[in-house]
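**Student:** Below: sequence and its predicted model.
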Amino acid sequence: MIPPTYFKMMSNPFLIQIWNKAEYELRESEKIVFCGYSMPDADIHIKYLLKRGILNRRITKPKIIIVNNHDSKKDEIKNEEELRYRRLFGAKINYTEKNLKTLHKIHQCIYRKLWLLHP
């Protein structure tokens, strides 16, 4: 795990390998889903990685979906978080009201249906 801080040891060869693979996947992805991540201002390295991966694409921009809500999250916090994502990716993002629990239920239903079709 790499914490969201202003300073990261980016000289670690294992971290460099992971970072390069992540950038490649970002360049090739049609959809990017952020689950449980608030895009903190302190995490400048991940923002740099995301920008590089998305700007250096061979295909059109990916669909960006954010799933990071919970019942007690205040509207002010949601608005600030959504603004951070929009500053990075532009206006065409899908900042959902969904949370990880909802996402898990959706995936369970999909897997059950697939299992019924292909046991």
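**Tutor:** Received it, and whenever you're ready, just let me know what you need.
**Student:** tally of neighbours for residue 14?
**Tutor:** 7 (other CB atoms under 10 Å). Any C-beta I mention is one placed from the backbone N, CA and C, and that applies to glycine too.
**Student:** Could you give me the buried positions within the helix or strand encompassing residue 45?
**Tutor:** Element membership for residue 45, per DSSP states H and E: helix 44-55. Residues of helix 44-55 classed as buried: 45, 46, 47, 49, 50, 53, 54 (neighbour count, 16 or more other CB atoms under 10 Å).
**Student:** Closest to residue 84 out of the residues you listed?
**Tutor:** Nearest to residue 84, judged by CB to CB, of the buried residues of helix 44-55 is residue 47 at 9.0 Å.
**Student:** residue contacts, that closest one?
**Tutor:** Neighbour list for residue 47: 39, 88 [criterion: CB atoms under 8 Å, 6 or more residues apart in numbering].
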